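Enquirer: Need coordinates for the following:
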Amino acid sequence: MDDQIESLIIKFLTKEANIHELQQLELWIGNPENELLFHEYIKANTIMNMSVGKYDRKKAKTIVLRQIRKEKNFLGNRVMKFSFLKYAAAILIGALTFGYFYFTENEKISNPVVSSPVIDNETIKPGSDKATLTLEDGSIIDLDGGKTYQTKNISGNGRELIYADQESSKDIKYNYLTIPRGGEYFLKLADGTGVWLNSETQLKYPVSFVPDSPREVELVYGEAYFDVSPSTEHNGTKFIVTNRSQKIEVLGTEFNIKAYSDEKNIYSTLVEGSVAVINGPSRKELIPGQQSILDVEKNVVAVNTVDVASEVSWKDGVFIFREKPLKDIMKVISRWYDADVVFENKDLETLKFRGVIGKHQEVEHILSIMKSTTIKEYEIRDKTIVLR
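Expert: Alright, predicted model coming up:
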């Protein structure tokens, strides 16, 4: 494939392409003479969606062209369409998932000689659906390995846990859902709110909510995406998410919170609707596409406009990184693959990369792509990745 066309595909996926470049890509993909080449490239540079199981040529081309036209319309009108931002990763999860990763600094680290990676064994595997459920009496239920769980009001099929709405008393009973490193899980609360829980996350929530009272849950630590059941369906009651340093008030919306205990910042990203981020006397109201960043040590909140797709893509089976330092990227990878990361070459920590990574591919594939850009060599020993 022509390097220029490959570059256009990468720019499109990372939303860096201008209108002229999108027109070029649309014309090239639409040309029947390029159809075979396009599909061979897709198949050579993708992993198949786990739920689809096979590559659909017609669907892949349709998705690509549809998203290109949406992006052109977005750029041409200069109108912020957050429904598009929300689904910007659709191309990556519908029929195909690209795996590419490239260095974006002006200077590269000298890399004259590379050696074959040292891999002691294959103990580092991609994450999967797994969790532990702690009941109100302290009992712990293992939900790993696709195990099912069924009670009168709770149903679990190994991938998700669903709570049925039930009559509630003022005596609230709480459950905890804990996701280990290398895990993820979906939870549907009794009010109908959907919660996607990322690796190394714990959520505390009531088995049922008290009628006409605020619906409150606690993100003890970690990252979660909330699709909140509207307040109009619950007599106007707010939905509140608390964590160690802030709380978020919601009427009905979709948003993401990242509040890991080993990070100094808490990130709250609004996808749809509206939320108020409250920290002591400070109250910040967000609009779609904005992210609040709470510096826990300084107790200061800043609000920025962000690329929503990059912030929430983890729940849809991909990681999208835009100008992220390698240290931050490897922190994400270490949680998902349940592996420790050691930088023997500290200069690598600050190098910035851009890329899209399918979550269900082997970690060696990701590292080999990095190796083609900046990493001189890497080593895998048991549960540790060493970067040199």
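Enquirer: List the buried residues in stretch 170-186.
Expert: Residues of stretch 170-186 classed as buried by neighbour count (16 or more other CB atoms under 10 Å): 175, 176, 177, 178, 179, 180, 181, 182, 183, 184, 185, 186. All C-beta atoms are positioned from the backbone trio N, CA, C, and that covers glycine.
Enquirer: pLDDT score for the fifth one?
Expert: Yep, that's residue 179 we're talking about. On pLDDT, residue 179 comes in at 97.
Enquirer: Let me see the contact set for it.
Expert: 130, 131, 185, 197, 198, 199, 200, 201, 202, 222 (CB atoms under 8 Å, 6 or more residues apart in numbering).
Enquirer: Now, the residues you listed that are in helices?
Expert: Among the contacts of residue 179, DSSP state H puts none in helices.
Enquirer: and which of those is nearest to residue 338?
Expert: residue 199 (7.8 Å; CB to CB).
Enquirer: how does the protein divide up, domain by domain?
Expert: 3-98, 103-123+317-387, 128-306 (automatic domain parsing).
Enquirer: From start to finish, how long is the longest one in a straight line?
Expert: The separation between the terminal residues of domain 128-306, taken as CA to CA, to the nearest Å, is 28 Å.
Enquirer: Same check on stretch 225-236?
Expert: End to end - CA to CA - stretch 225-236 spans 22 Å.
Enquirer: just to revisit the earlier point, any idea which of the buried residues of stretch 170-186 is closest to residue 365?
Expert: residue 182 (16.9 Å).
Enquirer: tally of neighbours for residue 212?
Expert: Residue 212: 9 surrounding residues under other CB atoms under 10 Å.
Enquirer: That one touches residue 235, doesn't it?
Expert: Yes: with contacts counted by CB atoms under 8 Å, residue 212 reaches residue 235, the gap being 5.4 Å.
Enquirer: So which of the contacts of residue 179 belong to strands?
Expert: 185, 197, 201, 202, 222 (DSSP state E).
Enquirer: May I ask which of those has the most neighbours?
Expert: Ranking the ones in strands among the contacts of residue 179 using other CB under 10 Å puts residue 201 first, with 28 neighbours.
Enquirer: Look up how far residue 176 lies from that residue.
Expert: 11 Å (CB to CB, to the nearest Å).
Enquirer: Ok, residue 382 next?
Expert: Taking CB to CB, one finds residue 382 at 30 Å from residue 176.
Enquirer: Excluding chain neighbours, what is closest to the most centrally placed residue in the chain?
Expert: With distances taken as CA atoms, centre = their mean, the residue of the chain nearest its centroid is residue 314 (1.7 Å). Nearest residue to residue 314 in three dimensions, chain neighbours excluded: residue 198, at 5.8 Å (CB to CB, 6 or more residues apart in numbering).
Enquirer: What residues does the one you found make contact with?
Expert: Contacts of residue 198 by CB under 8 Å, 6+ apart are 179, 184, 222, 223, 224, 225, 258, 314, 315, 335.
Enquirer: beta partners of the second one?
Expert: The partner list for residue 184 in beta bridges (DSSP bridges) reads residue 129.
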